[in-house]
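S.K.: missing the sequence, but the structure's below:
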């Protein structure tokens, strides 16, 4: 089966947004063994969208469309398909009821222009959108298919994963390409590449390294006649990769470093707390992005002022002697939040996010400390980068300190949390 | 002049890389007043690349190609164009000398396959590539043009800025397009669209609405012969737009809602503090993304447990009577952080991020409260969405509550923070 993607929206052609949907879908199609031959961006213009869909139906078995399903006049995906197939859009009572219910539950009146989100053409079936007002369309025409999804990435992904992809797995056929991504932390890309040099030219499975915001990723891709056969090739190959870089691997696929830490904490019955200055709550937010975080995340303080640091348990003498931006202060913050919040681990982050220097310390200065069961260590560094990137690096370093401590404990086969918390 | 972009490379269609080149070029073309109608991704396949370029020459004045200029067999951009125009690629002595010199300076032998990077067809002129081995091609055919640039982003940008864009400024003529984006909060896209219905079909300047994560954006775009003329058209039109939706506009362009709040707080000498449960620190992180936040952000608590809520100043009786997820508790959290941290405004957020319900309250329940100078209000709602999106919506609602309160104060021309904090 071969497919093409059509992303609809003038904002794409003005460069106002980056089309991440198409990359996501391309990865998904690759995994399903569907050949993707074209991606097209087209603006909110009825004629140009219709032409693009017509060409798509001529040359592809499956046309995947994103965007243009909103309620406004320049949302034209439905109209373009109806035009092309010479069919009429008709309001569907059950879709209208669902749409009005969506607004009713939010105690908001439904703007009448939204009614077009409750329409279908004879060739189309509605695809449920549990997190938005715009249902998708699944169109069948002369044995070809058009899948229409919203442009909002999280709505598109949910609709793809739960409703479009499953239809293709049945219809797909052909060989498949299965990929598995190992995520590492603590080493640069070229170091990781050197460690796996012996495997980097393997024809099948293939191995590629990618430097990402959350560490260096190693992508294993195996081509085979079936999903099972491909997985059978990946397993032993992954074992060889781990043989070289295993100690730096914190997770696979969508797993995050904060999530991997949560898993380790839960396994040992341990908990963590945070006190953040420079990272301003981003570390706590990373932890709480993980479902079930309340099991092991005790909470945190965003101590943006010296007063709040002291009020939160940092010895005022330390702040007076070393200042708010200092390794000693970061360590005191880690210990203070661990003790105050009754956690086993505490992470303290202080630094200068900018725009101006603090206490004579230059913008980019960062001190990240971990108090793990009463044992404290600190990482001090200096970055010249954007404010957002500075915060993110502070958080990644804090996560890395804790992850490494937990891995060591994990490998040493240390006992359960109840013992641990006594130490 | 109208243009289209063709990005060549199978890696794009496998989802291995994200096409940032096209967004960059789209922004550049918009600034030059060139209409971009299509972006196409096509793989390293001679037939498909040729077809795509043929269609491009049929429907566009300018075809901009990136990628496929490398030395290997699957770099096919030159071959596709030569095929299409029925011309022969011939090695150019001066290009070959330059190419061999490039390798000589690096004391490396030139792989003979690279010689194709020294070829031209009669219709093409070479475009210098000072930082790579692949020169670009500038092709003229029947009054249309094809610009071929490398796919490596920094090589492409340098070639664009120094050599391709200048040709368009001269050749392109036909004025510039200037855009301005007004960002609104508190209303859905269709409501905003209804408010500005009278302007939505204006030919020039044009007006379009976009539903974004940080509210509904209104994009005004004016075409004129000069930047000044375009700005002169935007000013009065923006005034008319604001006449309809001004009370919901919090910023322009890159401005964020948290940043707009910071500006208002600073203007009135006021400060804010936070106590977050469901949003887990994301609200504090939004505030601290803003440079200079330490002027007006006092700090926050991520009170993920009932104990920490109480330890942070929430009356234990309120938690016992109403539970941790309740409007009353959210209000008590807002007041507690305002008082404990000595701020003028406090925001409290509690809810059920999932995966499981809490105290019998379903996943998606959220209570967001604001205590502004002792006056407390709360917004209670329920969302069924992803965990990350749930956190984000809680934060946006909290920001909206505070922004609205500050706007009211701003418009009422109320006094300085010193007075305010006495109330």
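M.R.: In hand now; what should we look at? Values in this document were obtained by computation on a predicted structure and should not be read as measured data.
S.K.: so what's the spatially closest residue to residue A:300 that is not a sequence neighbour up against?
M.R.: Sequence neighbours aside, residue A:274 is the residue nearest to residue A:300 in space, at 3.5 Å (criterion: Cβ to Cβ, 6 or more residues apart in numbering or on different chains). Every residue, glycine included, has its C-beta placed from N, CA and C. By Cβ atoms under 8 Å, 6 or more residues apart in numbering or on different chains, the contact set of residue A:274 is A:283-284, A:287, A:299-301, A:337, A:346-349, A:398, B:302.
S.K.: cool, and residue A:27?
M.R.: For residue A:27, the contacting residues are A:179, B:14-16, by Cβ under 8 Å, 6+ apart.
S.K.: which of the residues you listed are buried?
M.R.: Burial by neighbour count, judged by 16 or more other Cβ atoms under 10 Å in any protein chain shown, picks out A:179, B:14-16 from these.
S.K.: any idea how many residues pack against residue A:384?
M.R.: Counted with other Cβ atoms under 10 Å in any protein chain shown, residues neighbouring residue A:384 total 10.
S.K.: can you name the next helix or strand after the helix or strand hosting residue A:231?
M.R.: Using DSSP states H and E, the element containing residue A:231 is helix A:227-245. On the C-terminal side of helix A:227-245, the nearest following helix or strand under DSSP H and E is strand A:249-252.
S.K.: got the buried residues for that following strand?
M.R.: Here strand A:249-252 shows A:249-251 as buried, counting by 16+ other Cβ under 10 Å.
S.K.: cool, and stretch A:350-366?
M.R.: Across stretch A:350-366, burial judged by 16+ other Cβ under 10 Å covers A:350-354, A:358, A:361, A:363-366.
S.K.: what about it, near chain B?
M.R.: Yes. Contact of stretch A:350-366 with chain B (Cβ under 8 Å from any Cβ of the partner chain) involves A:353-355.
S.K.: nearest to chain B among those?
M.R.: Of all the residues of stretch A:350-366 next to chain B, residue A:355 has the smallest distance to chain B: 4.6 Å, by Cβ to the nearest Cβ.
S.K.: and the strands in the stretch 201-350 of chain A, which stretches?
M.R.: Using DSSP state E, counting those that start in this stretch, the strands assigned to the stretch 201-350 of chain A run over residues A:206-212, A:215-224, A:249-252, A:272-276, A:297-302, A:345-351.
S.K.: out of those strands, which comes closest to residue B:320?
M.R.: Between residue B:320 and the strands of the stretch 201-350 of chain A, the shortest gap by Cβ to Cβ is with strand A:297-302, which sits at 19.1 Å.
S.K.: what's the average pLDDT for that closest one?
M.R.: Averaged over strand A:297-302, pLDDT sits at 97.
S.K.: so it versus strand A:345-351, what angle?
M.R.: Put simply, strand A:297-302 runs at 20 degrees to strand A:345-351, going by axes from the mean of the first three to the mean of the last three Cα atoms, to 10 degrees.
S.K.: got the contact list for strand A:297-302?
M.R.: Counting contacts by Cβ under 8 Å, 6+ apart, the residues touching strand A:297-302 from outside are A:262, A:271-277, A:280-281, A:283-284, A:287-288, A:308, A:312, A:337, A:341-343, B:274, B:280-281, B:284, B:288, B:299-305, B:308.
S.K.: buried subset of those as a ChimeraX selection?
M.R.: Selecting the buried subset of the contacts of strand A:297-302 in ChimeraX, with 16+ other Cβ under 10 Å as the burial test, is done by:
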select /A:262,271,272,273,274,275,276,277,280,281,283,284,287,288,308,312,337,341,343 /B:274,280,281,284,288,299,300,301,302,303,304,305,308
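S.K.: so who does the residue in the stretch 101-250 of chain A that chain B sits nearest to touch?
M.R.: Among residues of the stretch 101-250 of chain A, the one nearest chain B by Cβ to the nearest Cβ turns out to be residue A:111. It sits 3.8 Å away. The contact partners of residue A:111, taken as Cβ under 8 Å, 6+ apart, are A:71, B:188, B:190-191, B:193-194.
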